Each structure stands twice: as C-alpha cells, then as structure tokens.
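Participant: Give me a model of this one.
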Amino acid sequence: MTLLFLAFVNASSAFVKGFNYKVQEAVVQRKALQKDLLKKKTEFLDHANGHVDADEIRI
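Facilitator: Below is the predicted model of the structure:
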C-alpha cells in the first residue's frame with residue numbers, strides 16, 4: 001500500500017512539474033509575442049509619421 005501511495009505521489013509530482021513547465025513556456029511565448037507586436041507597432045507608427053506633411057495636419 002505504501003508503494004502504491006509513493007507511486008501516486010511520484011506521478012502527481014511529475015504531472016505538476018510538466019504542467020508548470022507548460023505554463024512557463026506559454027508565459028515566455030506570450031511575452032515574446034507582446035514584444036514583437038510592440039516592435040511592429042512602433043515601426044508602423046515611425047513609418048506613418050514619416051509620411052505626414054505639415055500641410056496635412058489640420059486642427
């Protein structure tokens with residue numbers, strides 16, 4: 001009975017470690033995507049600002 005319990009604890013521990021790894025992997029991937037999106041947004045705005053003339057700006 002003790003061996004069965006230890007096997008269950010070991011399997012549970014392995015599952016939790018695997019789950020935590022997947023969560024950390026997803027967080028790293030999300031941060032990379034956010035960083036890439038911010039970079040693209042900045043590049044777009046820099047590019048768009050270069051095409052706006054003073055004559056086009058009306059307040």
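Participant: Quick check: residue 21 vs residue 31, distance?
Facilitator: Remark: distance between residue 21 and residue 31 (Cβ to Cβ, to the nearest Å) = 16 Å. The way it works is simple: take the backbone N, C-alpha and C, and place the C-beta from them, glycine included.
Participant: How about residue 12?
Facilitator: For residue 12, the distance to residue 31 (Cβ to Cβ) stands at 29 Å.
Participant: now residue 46
Facilitator: Residue 46 is 22 Å from residue 31, by Cβ to Cβ.
Participant: any idea how far the helix or strand hosting residue 25 is from the chain center?
Facilitator: Using DSSP states H and E, residue 25 sits in helix 2-50. Helix 2-50 sits 6 Å away from the centroid of its parent chain (Cα atoms, centre = their mean, to the nearest Å).
Participant: Can you tell me what sits against stretch 27-41?
Facilitator: Residues from elsewhere that reach stretch 27-41, judged by Cβ atoms under 8 Å, 6 or more residues apart in numbering: none at all.
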